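# got a sequence here, can you model it:
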Amino acid sequence: MLKITKLEEAVSKAKKLAETKLAAGENADEFVKIGEIDGTKLYLAAGKTIKTQGSERLHANCRDVFMYLLEGEMEFTFENGEKQTVRAAECFVLPKRMKHLCVFRKMTIAIEGVCEKGL
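Residues are numbered from 1 along each chain as shown. The predicted structure follows:
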């Protein structure tokens, strides 16, 4: 059966989750599952960074991540010191095991695909 998700409702739910964390003085990186395609889980993500950490917080994901930003922006710092900013209406694939630090300078809303097939 066809699964239909109202994107506005998913955005509202994710923002509400994020705003709860922000009100408590915590960074927000919240996800609402919107579907799945052959082992790739799709989420609506909402986030904002209010406390930044230094390079000691570099991390790597154990799987590839695709993101399409609907609003806001994400600032990446990579292990080699390179910085890159992704803005609304842009998308990217972050390869698994690529060490990075990600900061959301303002409330950011994105569609995220995470391949979990074979895990």
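# endpoint to endpoint, stretch 104-112 covers what distance?
End-to-end span of stretch 104-112 (Cα to Cα, to the nearest Å): 15 Å.
# list the contacts of that stretch.
11, 14-15, 18, 28-29, 31, 34, 42-49, 65-75 (Cβ atoms under 8 Å, 6 or more residues apart in numbering). Where you see a C-beta, it was placed from the backbone N, CA and C, and this is true even at glycine.
# now the strands for this protein?
Using DSSP state E, the strands of the chain run over residues 28-37, 40-48, 65-71, 73-78, 83-87, 91-94, 100-104, 108-115.
# ok and the third one relative to strand 108-115, angle-wise?
Calculated by axes from the mean of the first three to the mean of the last three Cα atoms, to 10 degrees, strand 65-71 forms an angle of 160 degrees with strand 108-115.
# list the buried ones in strand 65-71?
Buried residues in strand 65-71, counted by 16 or more other Cβ atoms under 10 Å: 65-67, 69-70.
# what's the closest of those to Glu116?
Val65 (10.9 Å; Cβ to Cβ).
# bridged to that closest one, which residues?
Leu94, Val114 (DSSP bridges).
# wouldn't it be in contact with Val93 here?
Yes - using Cβ atoms under 8 Å, Val65 makes contact with Val93 at a distance of 7.1 Å.
# follow-up on the earlier one: farthest-apart pair in the buried residues of strand 65-71, please.
Val65 and Leu70 (15.8 Å).
# quick revisit: so for Arg57, which of the strands of the chain sits nearest?
Nearest to Arg57, of those and by Cβ to Cβ, is strand 100-104 at 5.6 Å.
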